[in-house]
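> give me a model of this one.
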Amino acid sequence: MGEQNGKIVKNGARPEMTLKAILVGVVIGILFGAANAYLGLKVGLTVSASIPAAVMGVAVFGALRRMRLMGPPTILENNMVQTVGSAGESLAAGVIFTVPALMLLGFKPQVLEIFVLGAVGGVMGVLLMVPLRSYLIEKERGNLIYPEGTACASVLVAGSEGGTKGRLVFAGLGLGALFETLVSGFKLLKGTATFRVPGFANAEAGADSSTALLGVGFVLGPRIAAIMFGGGALAWLVFIPAIKLFAGDSPHPVFPAQVPISELTPHQVWHNYMRYIGAGAVAFGGVVTLIRSLPVIFQSAWAVISNLTSPKNEARREQGGKKTIRDLPGWAIGSGLIVCVLVMWLAPRSMAPGDIISAFMAALFGFFFVAVSARIVGLIGSSSNPISGMTIAALLATSIIFKLLGWTGEEGQAAALAVGAIVCISAAIAGDTSQDLKTGFLVGATPWRQQLGELVGVLTSAAVIGFVVLKLDEGVGIGSAELSAPQATLMSMVVKGVLSGDLPYSLVLIGVAAAAVVEILGIPSLPFAVGLYLPFSLTTPIMLGGAVRWSIDRSKAKSGAETPKETEDCADEEVSQSGVLFASGLIAGSAFIGMALGLVKSITITPAFEECRAAGGLVGCMLKFPAESLRSAIEAMAVGPEWAGSMADAAAVLAVLLVGAALYFVASRPGRGGSPMGLKD
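Below you'll find the model as predicted:
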């Protein structure tokens, strides 16, 4: 039931791909996918769901067993739950990094169109990973540790502890959901507390009332959280006041703003100028991350090509053998990839690349970056997988080719973004699939069944994610202060900048220069760039979460406990597993309620409902107009933060500090250690 001295322990004929495992995995995948869509649109980061999905699967099965609704589950069923469930998060990451860019450029994709992009990219990511499994997971098991996959195997093997671990996740879920309901539902607390710095003109600080961001900061760790906070401080305490100081007297608008700078608030200065500076910094950080990975990329590509052309390995794959080395058959892989290419070729450009050249580029870049992604996560974990950099590289190459071909219009922009979306989704899914297959390898699962489970998770999540994204755009607004969509904004700028040239390059280059200076100082530029791009209020709770983590590490150091050295990507740190699981619950609970309330906001109150409500008959109106009644009830329950008067901002900050204290209490309890879940840029 695991790997001992490099050998797999046999599990015997145990249930694995059962209906209950698939259903629980699908539900978890949809929930984490929807929550991650909201979180990714808010701060440009998504939570790796493998470990939480494994813990939640164990906990759900334990609850069903206690209710005598099912017998004891096998470790292979629990593994199938996390395999199916984690696919939803990875697909959401790929979708929200790219598809909203179409909206920001004025396109209006439909649910079916987003499903096609998600399904094609996700299926390609799974199928292209299949022929790499035997080499990366088995042959290279001494060199590629796959930290998240190994951690998931530990959670599954320690299934007897699932109740305790599950309670921590659900406790975090409950607290995060309750807090978000009080903030966004009842509006008892201000969503964002803002403070003007006394004696410092046009300088503004703030703090978002978000337990999700608090949990993100804890997972990231103090160093990365501080770097992000530093980027935000530079933007809001240096750049924005400087712009107002030196250009505030001009009576004329300065591009890209449409009104004079003197008439802009600090937030409007951020919207018109800082977003471009931040986008340039993020682009630089993504490219630098990709460049640093070039040795691994070339090594991976060469190793994969050599492995696939090896007659010995080909004979081994044809031979089949034990169930623990049996993959999906070659005919199924080939047929699936052919269907994907045909869909990309024949579909309209709003749904997929839409011509043979674009389909070829999507397939080529997809294969290359799938191989890169699958191997990189084995070395340094999912949190350092440079998906953004890969996507930017694919978009730049595609846009340049389109520019040479004269495809610079709206159709060319849509096709370029479709190529980027498929590449991004494929790379994200390949990284998740490789981690899941590593977990399966350690617990003795059947690869082809896991690969089918991945496909189920991809297709079910793809069917839902489009609805979530479009409804969030209707209810909250993608590109607004609440859902700034930093990665999608960057992707849209890359495509538009290359194809049309309509871009304030000076602002972008300022961001590039700022990130370059930070990189020269030995500070990782990507988290700094993300902080530079985001509103300052979002980086403040992230910093608080990092401070909680720092205080725990410092306490352990004073007590004589060994504190592992913090790495740049945070993938190999060992912190109290109880704190990681509780923080993951805070993130998921808060993000899910925020997403759900965003969907409710998208419901349109019709005149017929207003007439029905005015005429009385409350129960009848609720039965006839359930959606409108739900939105009306939520709006009626909104109290507003006015009860606190002039102390409303302080009350919001105090509430977040109390949640931080709860996180400290849980995380400081003795834990068993383990790799934390990662975050994808």
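> distance of Val84 from Leu220?
Val84 sits 27 Å away from Leu220, going by CB to CB, to the nearest Å. Just so you know, the C-beta spots here come from the backbone N, C-alpha and C atoms, and that holds for glycine as well.
> got it, and Glu16?
Distance from Glu16 to Leu220, by CB to CB: 35 Å.
> if we can go back for a sec, which of Val84 and Leu220 has more neighbours?
Val84 (32 against 27; other CB atoms under 10 Å).
> which of the helices or strands spans that one?
helix 75-104 (DSSP states H and E).
> what's the angle between the helix or strand that that helix is followed by and helix 75-104?
Going down the chain from helix 75-104, the next helix or strand is helix 111-133, by DSSP H and E. Between helix 111-133 and helix 75-104, the angle comes out at 130 degrees (axes from the mean of the first three to the mean of the last three CA atoms, to 10 degrees).
> buried stuff in helix 111-133?
111, 113-133 (16 or more other CB atoms under 10 Å).
> could you say what helices and strands that helix packs with?
If you count contacts as 3 or more CB pairs under 8 Å, 6 or more residues apart in numbering; DSSP states H and E, helix 111-133 packs onto helix 75-104, helix 294-308, helix 330-346, helix 356-380, helix 410-443, helix 447-475.
> let's go with 7 Å and repeat that
Other elements packing on helix 111-133 under the criterion 3 or more CB pairs under 7 Å, 6 or more residues apart in numbering; DSSP states H and E are helix 75-104, helix 330-346, helix 356-380, helix 410-443, helix 447-475.
> give me the angle between it and helix 447-475.
Between helix 111-133 and helix 447-475, the angle comes out at 150 degrees (the same axes, to 10 degrees).
> helix 111-133: what's the following helix or strand?
Helix 111-133 is succeeded, C-terminally, by helix 147-157 (DSSP H and E).
> show me what that following helix is packed against.
helix 50-66, helix 75-104, helix 410-443.
> helices and strands around the last one, which ones?
Under the contact definition 3+ CB pairs under 7 Å, 6+ apart, helix 410-443 sits against helix 75-104, helix 111-133, helix 147-157, helix 356-380, helix 387-405, helix 447-475, helix 486-499.
> swap in 6 Å and give it another go.
For helix 410-443, the packing partners by 3 or more CB pairs under 6 Å, 6 or more residues apart in numbering; DSSP states H and E come out as helix 75-104, helix 111-133, helix 147-157, helix 356-380, helix 387-405, helix 486-499.
> the helix or strand bottoming out on mean pLDDT in the chain: what's the following helix or strand?
Sorting the helices and strands of the chain by mean pLDDT, DSSP states H and E puts strand 7-8 at the bottom, at a mean of 38. Sequence-wise, the next helix or strand downstream of strand 7-8 (DSSP H and E) is helix 19-43.
> now do the buried residues in that next one.
Going by neighbour count (16+ other CB under 10 Å), the buried part of helix 19-43 is 20-22, 24-43.
> packing partners for it?
helix 50-66, helix 75-104, helix 447-475, helix 577-601.
> pLDDT below threshold where in the stretch 101-250 of the chain?
Along the stretch 101-250 of the chain, the model assigns pLDDT under 70 to residues 158-166, 248.
> ok, 50 please
Across the stretch 101-250 of the chain, the ranges flagged by pLDDT under 50 are 160-162.
> just the helices and strands packed on helix 410-443: most buried one?
Of all the helices and strands packed on helix 410-443, helix 75-104 carries the top mean neighbour count, a mean of 30, counting by mean count of other CB atoms under 10 Å.
> report the inter-axis angle for that one versus helix 147-157.
Going by the same axes, to 10 degrees, helix 75-104 makes 140 degrees with helix 147-157.
> give me the distance from helix 75-104 to the chain's centre.
8 Å (CA atoms, centre = their mean, to the nearest Å).
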